[in-house]
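Asks: Okay, predicted coordinates and the sequence, questions at the end:
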Amino acid sequence: MSDPIITVIGAGVAGLTTALALAERGARVEVVERSAALGLDACSQYAGGMLAPWCEGENTEKVVIELGLESLSYWPRVHPLTEQHGSLVVAQGRDAVELDRFARRSTHHQMIDAARIAALEPDLGGRFARGLFFAEEGHLDPRKALASLAARLAEHGVAIRFGVDGDGLSPDANVVDCRGLAARDRQADLRGVRGEMLHVYCPDISLRRPVRLLHPRIPLYIVPRGEGRFMIGATMVESDARGHASARAVVELLNGAYALHPAFADAEILEVGCDVRPAYLDNIPQVRRDNGRVYVNGLYRHGFLLSPAMARMAADLMLGAA
């Protein structure tokens, strides 16, 4: 008798990486997704896509850094368009204390001067006196990365069935639940953290790597998407309301982008996005078995950073290696 099919519920980054980890170990796998198309109803499509474990270490637990390191080798293997040019953190002169604080609370960076900033990002030349360069970090376009994962799964014969609500599937022993916040019907300790983002077109500025602008009230990051396109984000609101982005969030993100470079004042807004990320109370993700079903959840704002490690652990648990 052949091994039973393992069903992964959810085609966001957690579900697809978990399905791939299982398939690469020889398991029979299928993915079911309630939405009609890849990424249509997943908060993964609104992610920044930054593979920045040491930057994230500034305001999170050590375990996030340790688990996030796996992403730096994982994503170039499964998604060849992954960029590995590092991360840059800057602050305006009046916020220099924020840069020093960031430096104290993070590692694997170099404190660089204005000349080095200009060498790394010529369009930021003369705008910032100091910065932090995290040379080993990277980034990717989340939507293209999801497509790469789907293509890898297809190579392993793994089908993704869209328009299927997998919550009623049984037996639970053959299910990995990666539904994100929708899994609150079985995991009461999940909460929602709302995030808003902008996609803009600004051909007058070029950036090669993600840039974080520190500010005591509205810190933000800007991630290049290529061909003059940028993702601007960083809002975090304790709310499970999906809806639409607030006017305040849009204004603050645009003000922050303008503070990084005035050319963003003339940017064309291509998209305003908003979704809710699943998190546990301590903001640390978990892989756990509950009433027979394995759950991969609580990735908070670290979906692409932590999903490779969480997928590995879920495969260990399902296949008896842990």
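Replies: Structure's in. What do you need?
Asks: Could you use CA atoms for every contact and neighbour count after this?
Replies: Will do.
Asks: which residues of the chain score low on pLDDT?
Replies: 1-2, 170, 321-322 (pLDDT under 70).
Asks: Map the structural domains onto the sequence of it.
Replies: 6-48+141-189+282-319, 87-135+191-279 (automatic domain parsing).
Asks: between those domains, which gets nearest to residue 58?
Replies: Closest to residue 58 of those is domain 87-135+191-279 (CA to CA; 4.8 Å).
Asks: can you give me the end-to-end distance of the closest one?
Replies: Domain 87-135+191-279 has an end-to-end distance of 25 Å (CA to CA, to the nearest Å).
Asks: residue contacts, residue 30?
Replies: Residue 30 makes contact with 5, 6, 7, 8, 19, 158, 159, 160, 161 under the criterion CA atoms under 8 Å, 6 or more residues apart in numbering.
Asks: From these, which land in strands?
Replies: Cross-referencing the contacts of residue 30 against strands under DSSP state E gives 6, 7, 8, 159, 160, 161.
Asks: picking that back up, out of the domains of the chain, which comes closest to residue 57?
Replies: domain 87-135+191-279 (5.6 Å).
Asks: Tabulate the domains of the chain (CSV), appending distance to residue 76.
Replies: Below are the domains of the chain laid out as CSV (distance: least, CA to CA, whole Å):
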stretch, distance to residue 76
domain 6-48+141-189+282-319, 10
domain 87-135+191-279, 16
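Asks: ok, and the most crowded of the ones in strands among the contacts of residue 30?
Replies: Neighbour tally across those (other CA atoms under 10 Å): the maximum, 28 neighbours, falls on residue 8.
Asks: so that residue touches residue 31, yeah?
Replies: Yes - the pair residue 8 / residue 31 is scored as a contact, 4.7 Å apart, by CA atoms under 8 Å.
Asks: Give me the common contacts of the two.
Replies: Between them, residue 8 and residue 31 share these contacting residues under CA under 8 Å, 6+ apart: 15, 19.
Asks: For residue 131, give me its contacts.
Replies: 88, 89, 90, 91, 99, 111, 112, 113, 114, 117.
Asks: wait, is it part of a strand?
Replies: Yes - under DSSP: H, G, I helix; E, B strand; the rest coil, residue 131 falls within a strand.
Asks: Residue 188 - how many residues pack around it?
Replies: A count of nearby residues for residue 188, using other CA under 10 Å, gives 10.
Asks: Kindly indicate whether it is helix, strand or coil.
Replies: coil.
Asks: how close does it get to residue 30?
Replies: Going from residue 188 to residue 30 by CA to CA gives 26 Å.
Asks: just residue 114 next, same as before
Replies: To residue 30, residue 114 is 51 Å away according to CA to CA.
Asks: likewise residue 206?
Replies: Taken as CA to CA, the span from residue 206 to residue 30 is 41 Å.
Asks: Measure how buried residue 206 is and give me the count.
Replies: Residues near residue 206, counting by other CA under 10 Å, number 17.
Asks: what's it in contact with, if anything?
Replies: Contact analysis of residue 206 by CA under 8 Å, 6+ apart lists 121, 123, 228.
Asks: Quick one: buried ones out of these?
Replies: Buried subset of these (neighbour count, 16 or more other CA atoms under 10 Å): 121, 123.
Asks: Take the contacts of residue 206 and keep only those in helices.
Replies: Using DSSP state H, no member of the contacts of residue 206 falls within helices.
Asks: is it possible to export the contacts of residue 206 to TSV including distance to residue 295?
Replies: Compiled in TSV, the contacts of residue 206 are given as follows (distance: CA to CA, whole Å):
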residue	distance to residue 295
121	41
123	44
228	39
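Asks: Between the contacts of residue 206, which sits nearest residue 284?
Replies: Residue 284 has its nearest neighbour among those in residue 121, at 33.2 Å by CA to CA.
Asks: what helix or strand is the closest residue to the closest one other than its chain neighbours on?
Replies: Spatially, and ignoring its direct neighbours in sequence, residue 121 is nearest to residue 207 (6.1 Å; CA to CA, 6 or more residues apart in numbering). Assessed by DSSP states H and E, residue 207 sits outside every helix and strand.
Asks: Would you mind measuring from residue 207 to residue 120?
Replies: From residue 207 across to residue 120, the span is 9 Å (CA to CA).
Asks: can you check residue 60 too?
Replies: Taken as CA to CA, the span from residue 60 to residue 120 is 27 Å.
Asks: Tell me how many other residues crowd the residue lying closest to residue 95 once chain neighbours are set aside.
Replies: In space, and not counting its chain neighbours, residue 95 is closest to residue 215: 6.3 Å by CA to CA, 6+ apart. Residue 215: 18 surrounding residues under other CA under 10 Å.
Asks: what are the phi and psi angles of residue 215?
Replies: Phi and psi for residue 215, reported as degrees, to the nearest 10, are phi -160, psi 140.
Asks: show me what contacts it?
Replies: 91, 95, 98.
Asks: Can you select the buried ones among those for me in ChimeraX?
Replies: Filtering the contacts of residue 215 down to the buried ones (16+ other CA under 10 Å) takes a single ChimeraX command:
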select :91,98
